[in-house]
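In: Quick one, structure for this:
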Amino acid sequence: MPARPSRLRSGPEEPTQGIECNADLCVCLLDDVDVGQCPSDGVCMDGGAIFDKMASCCDFG
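Out: Below you'll find the model as predicted:
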């Protein structure tokens, strides 16, 4: 999926949390495993919006 990937890690023992979005879809990733999806809503047009999208789309608890 060509996208704007974002990866965050809470700590050295925590799983890697991420999101990858294209023009239509964002995919939430936990250690590179698809754990959820949502519409991208144009997030690729605004580079900083990917973090807001990650918060609203992905429930990493």
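In: D32 contacts Q17, doesn't it?
Out: No. Counting by Cβ atoms under 8 Å, D32 stays clear of Q17, with 10.4 Å between them. (C-beta placed from N, C-alpha, C; glycine too.)
In: which of those two has more neighbours?
Out: Q17 (18 against 10; other Cβ atoms under 10 Å).
In: after the strand or helix carrying that one comes which helix or strand?
Out: Per DSSP states H and E: Q17 is located in strand 16-21. Per DSSP H and E, the first helix or strand lying C-terminal to strand 16-21 is strand 25-30.
In: Note down every partner strand of that next one and its orientation.
Out: Here strand 25-30 is paired, per DSSP bridges, with strand 16-21 (antiparallel), strand 33-39 (antiparallel).
In: Of the ones you listed, which shows the lowest average pLDDT?
Out: Lowest mean pLDDT within these: strand 16-21, a mean of 89.
In: and that one, how far out from the chain's middle?
Out: Offset of strand 16-21 from its chain centre (Cα atoms, centre = their mean, to the nearest Å): 3 Å.
In: Give the buried residues for that strand.
Out: Buried residues in strand 16-21, defined by neighbour count with 16 or more other Cβ atoms under 10 Å: Q17, G18, I19, E20, C21.
In: wait, what's in contact with the residue nearest the centre of the chain?
Out: In the chain, the C-alpha nearest the mean C-alpha coordinate belongs to I19, at 1.6 Å (Cα atoms, centre = their mean). Shown in contact with I19 (Cβ atoms under 8 Å, 6 or more residues apart in numbering): P5, S6, C26, V27, C28, L29, I50, K53, M54, C57, C58.
In: Which single one of those is nearest to D41?
Out: Of all the contacts of I19, the one with the least separation from D41 (Cβ to Cβ) is K53, at 7.4 Å.
In: re the thing from before, can you redo the contacts of I19 as CSV with distance to C38, neighbour count and pLDDT?
Out: Putting the contacts of I19 into CSV (distance: Cβ to Cβ, whole Å; neighbours: other Cβ atoms under 10 Å; pLDDT from 0 to 100) gives the following:
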residue, distance to C38, neighbour count, pLDDT
P5, 16, 13, 56
S6, 14, 18, 62
C26, 5, 26, 93
V27, 9, 20, 94
C28, 8, 20, 94
L29, 13, 21, 92
I50, 13, 21, 85
K53, 8, 23, 90
M54, 10, 21, 90
C57, 4, 20, 92
C58, 8, 20, 92
